[in-house]
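# The sequence and its predicted three-dimensional model are supplied below.
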Amino acid sequence: MTAVRVTDPGGTWHAAVMVRIERLGGEQWTRGRDLRMRALRDAPDAFWATADEEAALSPAQWRARLERAGAVTVVAVVDGTDAGLAVGAPHHDAPDDAGLYALWVAPGSRGRGVGDALVAAVVAWARSAGHRRLRLEVADHNAHAVRLYERAGFIATGAQGRLPPPRDHLTEHERALVLRS
């Protein structure tokens, strides 16, 4: 467990929160599915997939996602409640790199260090797996996420893109954290 004390940009201190990070396995597919669906419904403009697309996945597909070799799905637990989710996996276009995907923090847990704990867990996983860099894409309008990634040391690479339809009006940029030379 990790105690996190966070200040917002205005300098206000938030109460320390205990965050427990748990790794999900295939047998916990309903928990993973439920968190992912909460994320997609809460922040539909932050993810490539839509809630409708993911709701159509079968139990076997959810299990396979959590059992993917070389990948990790982590959940942040605060006061016995699932408060966030993140996925680490080999990057889709560079096998030496890892990707940080699907990071989401429940609204009531935002600003309390849960995102920092999830990022730290995926960074630790990527380092231990021997990846050279950890890369992610973040929507330009998501200022809170951009600040989270900046705090963790992620630097903009200059690569940009758009989310797929129906959200193709939204732009995003890539950030990377160097893990080894």
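Sure, I can see it.
# Output the helix or strand containing residue 119 as PDB, nothing but the C-alphas.
Assigned by DSSP states H and E, residue 119 falls within helix 114-128. Extracted in PDB, the C-alpha atoms of helix 114-128 (Å, rounded to 0.1, in the frame of the first residue of the first chain):
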ATOM      1  CA  VAL A 114      -4.800   7.400  -7.300                       C
ATOM      2  CA  GLY A 115      -3.600   8.300 -10.800                       C
ATOM      3  CA  ASP A 116      -0.100   8.700  -9.600                       C
ATOM      4  CA  ALA A 117      -0.200   5.300  -8.000                       C
ATOM      5  CA  LEU A 118      -1.600   3.700 -11.100                       C
ATOM      6  CA  VAL A 119       1.100   5.300 -13.300                       C
ATOM      7  CA  ALA A 120       3.800   4.200 -10.900                       C
ATOM      8  CA  ALA A 121       2.600   0.700 -11.000                       C
ATOM      9  CA  VAL A 122       2.700   0.500 -14.800                       C
ATOM     10  CA  VAL A 123       6.100   2.200 -14.900                       C
ATOM     11  CA  ALA A 124       7.400  -0.400 -12.400                       C
ATOM     12  CA  TRP A 125       5.900  -3.200 -14.600                       C
ATOM     13  CA  ALA A 126       7.500  -1.800 -17.800                       C
ATOM     14  CA  ARG A 127      10.900  -1.400 -16.200                       C
ATOM     15  CA  SER A 128      10.800  -5.000 -14.800                       C
END
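# which residues are contacting the helix or strand following it?
Sequence order places strand 133-139 as the next helix or strand after helix 114-128, per DSSP H and E. With contacts defined as CB atoms under 8 Å, 6 or more residues apart in numbering, strand 133-139 is touched by 45-46, 88, 91, 94, 96-101, 103, 122-123, 126, 145-146, 149, 154, 157, 161, 163, 170-179. For glycine as for every other residue, the C-beta is placed from the backbone atoms N, C-alpha and C.
# Surely residue 115 is in contact with residue 78?
No - using CB atoms under 8 Å, residue 115 is not in contact with residue 78, being 11.7 Å away.
# ok, the two, which is more surrounded?
For residue 115 versus residue 78, neighbours defined as other CB atoms under 10 Å are more numerous around residue 115 (28 against 21).
# Retrieve the pLDDT associated with the more buried one.
Predicted confidence (pLDDT) for residue 115: 97.
# now do the one 3 residues further on
The confidence metric pLDDT takes the value 98 at residue 118.
# number of nearby residues for it?
26.
# so it touches residue 86, yeah?
Yes - Residue 118 is in contact with residue 86 according to CB under 8 Å; the separation is 4.1 Å.
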